[in-house]
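[1] Sequence isn't available, so here's the structure alone:
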């Protein structure tokens, strides 16, 4: 299935980091059920319309790694894989 976001929305694939205890033990994902705040942009909408009806281009593009607000994006599960759908305003920064 191919997802195409509308307007100023972005589809993100969450990036989860492996966590280790101070003693070096790798902790499973289920230990910390906090939502991720990092993701990879999978698809980008066309952009928001301004008050004059002109399309405002998006600041992110497919493949960007981004930081986003913890509770801004909506979670969706498609074909067994989890994605996040966020508005561009929920994205805080692009990182390498």
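    Okay, I see it. Given the structure is predicted, the values throughout are model-derived calculations rather than measurements.
[2] ok, the residue nearest the centre of the chain - contacts?
    The centroid of the chain falls nearest to residue 12 when counting by Cα atoms, centre = their mean (3.3 Å). By Cβ atoms under 8 Å, 6 or more residues apart in numbering, the residues touching residue 12 are 39-42, 66, 68, 73, 83-86. Backbone N, C-alpha and C define where each C-beta goes, glycine included.
[3] Now, of those, which are buried?
    39, 41-42, 66, 68, 73, 83-86 (16 or more other Cβ atoms under 10 Å).
[4] How about the secondary structure of the residue located most distally from the centre of the chain?
    Most distant from the centre of the chain: residue 23, at 31.2 Å, with distances by Cα atoms, centre = their mean. Per DSSP: H, G, I helix; E, B strand; the rest coil, the local secondary structure of residue 23 is coil.
[5] got it, and residue 62?
    Going by three-state DSSP: residue 62 is coil.
[6] what is the closest residue to it other than its chain neighbours paired to in the beta sheet?
    Closest residue to residue 62 apart from its sequence neighbours, by Cβ to Cβ, 6 or more residues apart in numbering: residue 41 at 5.5 Å. Residue 41 has these beta-bridge partners by DSSP bridges: residue 12.
[7] so residue 41 makes contact with residue 11?
    Yes: applying Cβ atoms under 8 Å as the test, residue 41 and residue 11 come out as touching, 7.4 Å apart.
[8] residues touching the closest residue to residue 13 other than its chain neighbours, list them.
    Among residues not flanking residue 13 along the chain, residue 40 sits closest, at 4.8 Å (Cβ to Cβ, 6+ apart). Residue 40 is in contact with 12-13, 15, 63-66, counting by Cβ under 8 Å, 6+ apart.
[9] Can you tell me how far residue 40 is from residue 75?
    15 Å (Cβ to Cβ, to the nearest Å).
[10] Next: residue 50.
    Taking Cβ to Cβ, one finds residue 50 at 29 Å from residue 75.
[11] From one end of stretch 54-73 to the other, what's the distance?
    Using Cα to Cα, to the nearest Å, the end-to-end distance of stretch 54-73 comes to 25 Å.
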